[in-house]
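this one's sequence-less:
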DNA sequence: TTCAATGTACGACATTCATCGAAAGGAGGC
DNA sequence: GCCTCCTTTCGATGAATGTCGTACATTGAA
C-alpha cells in the first residue's frame, strides 16, 4: 500500500495564523537561524541546517515552526523537506517576516 | 536629600538591543496589548492599560518590555510613565515594530 | 535480507515563564 | 503625622520550554 506512512503533517490555514504564535516561534536563536537559512537558500532537508543541537531538539523546533505556520514540511523518501511559508505570512502579516529577516541579517 | 528614591530604572542602549529579546517581549498577548495601546495613545501611567491582570503581573510585563528595550519608563511623583521606544527600535530594527503593530491592528 | 542514513517519538530533566496574593514603600493630600 | 493611591518586591505555584538520550520507523542501497 501507499498510504501506510507516518501521519500526515498538519499545517495551519493562513487565516488561522496567530501573530503571537508566529512571534513566539521566531523568538528563539535556533529557530531564527533555521528561518534565516531557509530564507537565503530555499527548501532544505532537516539535517542540513547550521545549528548545533541534537537531532531530537531540531525536530522539536521544526514542530514549533510548523504549528505556528512559519514553515511547511513534506516527506520525500528518506528526507523531510522544510520550506518557509513566505507568501502565506506575507498575506497574513505583511512585512513582518521580511523586516525581521532583514534585521537579523545586519545584526 | 533628593537621591534616596528607588534604584534608577535601567534601559539597554540602542546598540545593545537584541532581536530575539524584542521578539520574545512582543510574543505575549498582554504585552502586545500594552505595546499597541502605547502606539495609539503615547505615554501612559502603568495603571491605565486595558488589560485584566493583577498589578504585580503588570509590573512583571513592564520589566520584560523595558529590559528588551521596547519601552522606556520614568518616574514622576506618584506615577510611573511608560512610553514606546519607537525611534530606537526603528533605528535598530527598521520596520519591525511598525509591521507588527500594523498586523496586530487588522488581526 | 541486512545495513546505514534520516528523522521522529517518548520520557526525563532543569530552567524559564505568567500568574497571583501579601506585604512594603514612596509621593502627595488631609 | 496619618492616610490613600500607585506601583514594586517577594515568594509560591503550575505550566510551558529547550535540551538531551534512547529507542523506533521508514527509506534506499549493498
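Yep, that arrived. Since we're looking at a predicted model, the values are computed, not measured.

For the residue nearest the centre of chain A, which non-adjacent residue is closest in space?
In chain A, the C-alpha closest to the average C-alpha coordinate belongs to residue A:71, at a distance of 2.9 Å (CA atoms, centre = their mean). Spatial nearest neighbour of residue A:71, excluding adjacent residues (CB to CB, 6 or more residues apart in numbering or on different chains): residue A:65 at 4.5 Å. The way it works is simple: take the backbone N, C-alpha and C, and place the C-beta from them, glycine included.

mind checking pLDDT for the one you found?
At residue A:65 the predicted local confidence, pLDDT, stands at 98.

And residue A:106, by the same measure?
The per-residue pLDDT reported for residue A:106 equals 78.

That one and residue B:91, how far apart?
In this view, residue A:106 and residue B:91 are 12 Å apart by CB to CB, to the nearest Å.

Tell me which of the two has more neighbours.
For residue A:106 against residue B:91, the residue with the higher neighbour count under other CB atoms under 10 Å in any protein chain shown is residue B:91, and the figures read 12 against 9.

surely the more buried one meets residue B:14?
Yes. The pair residue B:91 / residue B:14 is scored as a contact, 6.0 Å apart, by CB atoms under 8 Å.

show me what contacts the residue nearest to residue A:71?
Residues in contact with residue A:65, defined by CB atoms under 8 Å, 6 or more residues apart in numbering or on different chains, are A:25, A:31, A:34, A:35, A:71.

tell me the secondary structure for it?
The local conformation at residue A:65, judged by DSSP: H, G, I helix; E, B strand; the rest coil, is helix.

separation between it and residue B:100?
Using CB to CB, which is the criterion applied here, residue A:65 is 18 Å from residue B:100.

And for residue A:83?
Noted for residue A:83: a distance of 23 Å to residue B:100, by CB to CB.

cool, and residue A:64?
Applying CB to CB, the value for residue A:64 to residue B:100 is 19 Å.

neighbour-wise, which of these two wins?
residue B:100 (25 against 18).

That one against residue A:19, yeah?
Yes. Between residue B:100 and residue A:19 there is a contact at 7.1 Å, judged by CB under 8 Å.

what is in contact with the two at once?
Contact criterion CB under 8 Å, 6+ apart; residues bridging residue B:100 and residue A:19 by contacting each: A:93, A:96.

Could you see whether DNA strand C lies near stretch A:38-51?
Yes. Stretch A:38-51 lies in contact with DNA strand C when judged by CB under 7 Å from any atom of the strand; the contacting residues are A:45, A:46, A:47, A:48.
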